[in-house]
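Trainee: Give the three-dimensional model of this entry:
(one chain, ligands or ions: 1)
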Amino acid sequence: MLAGNVPLAIGSDHAGFDLKQRMVQWLRKSGWDVVDFGVDSAESADYPDIAEKVALSVRDGYSEKGILICGTGLGMSIAANKVRGIRAALCHDPFSARQSRLHNDANVLALGSWVMGEELAKNIVEVWLKTGFEGGRHERRVQKISLIEAREAVYQRDVRGDSLKEPEEPLEAKPHAIANAGGHPLKELHEPSKTSQGERRQEPEGEKPGRRHGPDRYGSEQHGLEQYGPEQFGAQQFEQERYGPEGAPLPDLSRIKADLASACEDLLSVADLEPGQILVVGCSTSEIKGEKIGKGSSVEIAGAVLDVLLDVTSKNGLYLAIQGCEHINRSLVVEKEVMKRYGLEEVSVYPVLHAGGALAALAMDRFKNPVTVESIRAHAGIDIGDTLIGMHLRPVAVPVRSQVKKIGHANLVMARTRPKLVGGARAQYRGVREK
Ligand code: RB5
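Mentor: This next block holds a predicted model:
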């Protein structure tokens, strides 16, 4: 069998132990670098414990793929699929195994030792490991799975307040001995204070977990202890925000992405940005949908916008700053690295859907190490939906015209910046081009 050059994570509970042992041996003999996450005996064990370890190893890129074995494969697949970014496929035949790679880009394979014999299991694993993802139309569908995860993350945080609550019992911080992987650190398990959604937020004194400061609606200047819980921000409203209110269907997300990508190209072609410089973006997803700013935030639209922005900035070595709404004084979400590099003033506000906006809330979730800062002097900017990004641009801001005038229904305004032209009548200037 063809061996890969990245580790494969494998794990089982007691019911899958025998098959897992034989599988590990066979895979290693075939040249695979296998990281065995246990269990190490046939003593009774709980499958979610092992599923989580293998899934985290794959999610964090320590292993390219994972294999999980329990009695039926069911518990393992259900548990592994709770980890964001994991697409675990339970397969009992080589055809499904192949399809799970071709169409679903499955990154974890779950097997049931009670359901199949060793040879069939090996055959399934072999097919699964050698089949690639077909991409094309399936790419879009897999991306939609990620969007469900992103919406759920924001829902859990902003509606249920889940991520603000400390777990009642901290996750077990017991390092798992890994014989042959040089010790996969399993960072997430060892650092219970850090979640996949970034730094755990410190609750301000006197504030109950799951409750937020913030005004009740846009336009309100109320800054008391207004609370956003399921009571105030009900399921029905959230459904509307996900799918758009009646009569205002979500715009075509692929069109939004294409228009924004082409606008970014126009901006970059004239802005003379250098790696390490900052692009600030303000965006009203409500305006993209054709509603008044702040009245119809959409995590789905924010996902499409953020996909493009992350792609453009990472390809060009730029830093991305996402401006929040007026209710957080237009503070911005940036990577911690940007804050340090540019000496920015950190603020404690945690952007959420209705006090920050969908894009800033999602950035808190999708950035690697997000922090909020009070202000920034960005080198270029994109304003989608009249969000007034000017206060975060370096002087002197110069408008950049693009063929693209709207993203969805929202106005699009872009700017580059240039150094000030100082001096008098005799002054000469270099490197300043009016475009
Ligand atoms: C263990 O008894 C069994 O429930 C487990 O191995 C698995 O089949 C769960 O889905």
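Trainee: From now on I want contacts and neighbour counts done on CA atoms only, so please keep to that.
Mentor: Fine.
Trainee: What is the burial count for Ile288?
Mentor: Counted by other C-alpha atoms under 10 Å, the residues lying close to Ile288 total 27.
Trainee: and the gap between it and the ligand?
Mentor: 44 Å (C-alpha to the nearest ligand atom, to the nearest Å).
Trainee: packing partners for the helix or strand hosting that residue?
Mentor: Secondary structure here is read from DSSP states H and E; on that basis Ile288 sits in helix 285-289. Judged by 3 or more C-alpha pairs under 8 Å, 6 or more residues apart in numbering; DSSP states H and E, the packing partners of helix 285-289 are helix 299-316, strand 410-417.
Trainee: pLDDT (mean, whole number) over the last one?
Mentor: The pLDDT scores in strand 410-417 average 96.
Trainee: From here on, call the first residue 18.
Mentor: Got it, first residue is 18 now, which makes that one strand 427-434.
Trainee: Indicate each strand paired with that strand and its parallel or antiparallel sense.
Mentor: According to DSSP bridges, strand 427-434 forms sheet pairs with strand 397-401 (antiparallel), strand 414-417 (antiparallel), strand 423-424 (antiparallel).
Trainee: ranking these by burial, who's on top?
Mentor: With neighbours taken as mean count of other C-alpha atoms under 10 Å, the strands paired with strand 427-434 reach their highest mean count in strand 397-401, at a mean of 27.
Trainee: quick check: angle from that strand to helix 316-333?
Mentor: Orientation of strand 397-401 against helix 316-333 (axes from the mean of the first three to the mean of the last three C-alpha atoms, to 10 degrees) gives an angle of 160 degrees.
Trainee: Measure how buried Glu69 is and give me the count.
Mentor: For Glu69, the tally of surrounding residues (other C-alpha under 10 Å) stands at 20.
Trainee: For it, pull up the helix or strand it's in.
Mentor: Applying DSSP H and E as the criterion places Glu69 in helix 64-76.
Trainee: could you pull out the helices for the stretch 68-217 of the chain?
Mentor: 91-97, 111-119, 135-147, 154-171, 204-207 (DSSP state H, counting those that start in this stretch).
Trainee: Off-centre distance for the helix holding Ile305?
Mentor: If you compare the mean C-alpha spot of helix 302-306 with that of the full chain, they lie 21 Å apart, counting by C-alpha atoms, centre = their mean, to the nearest Å.
Trainee: Report the separation between Ile393 and the ligand.
Mentor: Where the ligand is concerned, Ile393 sits at a distance of 51 Å (C-alpha to the nearest ligand atom).
Trainee: One more: Val364?
Mentor: Computed as C-alpha to the nearest ligand atom, the Val364 to the ligand distance reads 45 Å.
Trainee: ok, now Asp328?
Mentor: 38 Å.
Trainee: likewise Ala138?
Mentor: Summarising the geometry, the distance separating Ala138 from the ligand, computed by C-alpha to the nearest ligand atom, is 15 Å.
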